[in-house]
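[1] this is a predicted model, with the sequence first.
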Amino acid sequence: MLQNFNKIKISLWLAATLLSGFQVSAISQTVDPAATATAAPAAAAAAPASPFTANVTIASQYVSRGFRQTWGKPAIQGGFDYANPNGLFAGTWMSTVSDHFIEGGSVEWDLYGGYTGSAGDLTYTGQIYYYVYPGAEVAFANTKYNYGEAVASLTYKWFNVKYWLTYTPDYFGYNSATLGIGNGQHSRGSGYLDLNGTFDLGSGYSLLLHYGNERVRNFSAYSFQDGKVALSKAFDGGWTVTGAVTKGWNKNGVYDRYTTGVLNSAGVADVSNPLATTLVLSLTKTF
């Protein structure tokens with residue numbers, strides 16, 4: 001896994017370096033015809049912003065929906081985005097993950113696209129996500145972790161609400177074969193309610209308050225909730241430092257002794273609670 005981690009790290013660095021070449025640095029100058037008699041130059045016109053952006057993050061670990069997906073280890077992450085002025089957008093994002101959390105996995109690769117618009121203070125967005133975990137599989141059930149979600153989002157000033165709906169047969173590989181519940185059942189139609197409040201504290205500081213509730217269809221014992229409090233500081237040059245505390249919980253305790261069967265140094269299956277309270281520190285560079 002360390003070899004894969006280093007390859008991903010180098011690839012993301014190279015990709016981010018290449019994408020930085022898309023940044024528009026030149027500015028065009030125009031001359032007001034009325035000013036030609038005095039030969040006074042017109043003010044330089046600002047170049048249009050590039051529709052391409054990129055980001056690279058180094059984090060103390062990767063936590064998503066309350067789950068520690070790198071099993072307490074550091075993560076390197078990065079993505080590319082394209083945003084058209086007409087509201088259409090598309091992008092991709094990657095993160096390292098642990099085979100202790102995703103059997104046979106070392107990378108999460110997200111693909112997404114959608115449309116966003118606004119009406120006054122209200123912003124609305126619709127998008128499609130697809131998550132790929134190359135090489136990862138629940139071996140005994142011959143089931144991939146790959147899945148897709150459709151997302152509807154509304155933002156009003158500081159408040160945002162999203163709903164993520166699973167459109168693929170399974171949510172994160174949850175079905176009768178992998179969970180040992182029922183016969184031939186799948187988890188299409190699972191939904192995640194995602195509530196967020198973002199507050200500008202001034203001087204580059206912002207506060208995020210998050211609550212999430214995942215309902216796993218046909219397997220309610222595996223439903224869960226999560227919360228997060230995050231404080232970020234933005235710096236010149238596209239740098240952001242974030243500290244966050246996350247916590248997930250499940251009333252049935254089915255995640256308390258989670259394992260994919262990977263053996264620890266003592267030769268027994270490594271077991272942990274991936275929803276435990278966690279402090280995450282991260283440094284992000286946006287290009």
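    All right, it came through fine.
[2] just the CA atoms of the host helix or strand of Gly243, as CSV, please.
    Applying DSSP states H and E as the criterion places Gly243 in strand 239-249. Only the C-alpha atoms of strand 239-249 are listed here, as CSV (Å, rounded to 0.1, in the frame of the first residue of the first chain):
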residue,chain,number,x,y,z
TRP,A,239,-3.7,28.2,0.9
THR,A,240,-6.2,27.0,3.6
VAL,A,241,-5.6,25.4,6.9
THR,A,242,-8.4,23.5,8.6
GLY,A,243,-8.9,21.8,11.9
ALA,A,244,-12.0,19.6,12.4
VAL,A,245,-13.6,17.4,15.0
THR,A,246,-15.8,14.6,13.6
LYS,A,247,-18.0,12.0,15.3
GLY,A,248,-20.3,9.3,13.9
TRP,A,249,-22.8,7.1,15.7
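[3] in it, what counts as buried?
    Residues 240, 242, 244, 246, 248 are the ones in strand 239-249 that count as buried (16 or more other Cβ atoms under 10 Å). C-beta here means a position set from N, CA and C on the backbone, and glycine is covered the same way.
[4] same deal with stretch 181-189?
    185-188.
[5] try stretch 248-262
    Applying 16+ other Cβ under 10 Å to stretch 248-262 flags 248, 250, 255, 258, 260, 262 as buried.
[6] can you count the residues close to the residue lying closest to the second one once chain neighbours are set aside?
    Yep, that's Asn250 we're talking about. The shortest distance from Asn250 to any non-neighbouring residue, by Cβ to Cβ, 6 or more residues apart in numbering, is to Phe224 (4.3 Å). Number of residues near Phe224 (other Cβ atoms under 10 Å) recorded here: 21.
[7] kindly report the same for Val216.
    Val216 has 20 nearby residues by other Cβ under 10 Å.
[8] relative to Gly204, how far out is it?
    With the distance defined as Cβ to Cβ, to the nearest Å, Val216 ends up 39 Å from Gly204.
[9] before we move on, what about Leu193?
    Between Leu193 and Gly204 the computed distance is 30 Å (Cβ to Cβ).
[10] same question, Asn264
    42 Å.
[11] ok now do the closest residue to Ala75 other than its chain neighbours, which residues does it touch?
    With sequence-adjacent residues excluded and distances taken as Cβ to Cβ, 6+ apart, Ala75 is closest to Tyr62, at 3.8 Å. By Cβ atoms under 8 Å, 6 or more residues apart in numbering, the contact set of Tyr62 is 68-70, 75, 77, 95-97, 108.
[12] tell me the SS of Ala177?
    At Ala177 the chain is in helix, as set by DSSP: H, G, I helix; E, B strand; the rest coil.
[13] please look at it and Thr143 and confirm they touch.
    Yes. Taking Cβ atoms under 8 Å as the definition, Ala177 is a contact partner of Thr143 at 6.0 Å.
[14] okay, and for the chain, where does confidence drop off?
    Along the chain, segments meeting pLDDT under 70 span 1-47.
[15] tell me where it has helices.
    For the chain, the helices defined by DSSP state H occupy 2-19, 176-179.
[16] give me every residue that touches Phe67.
    101, 226, 248, 274-275.
[17] perfect, that will be all.
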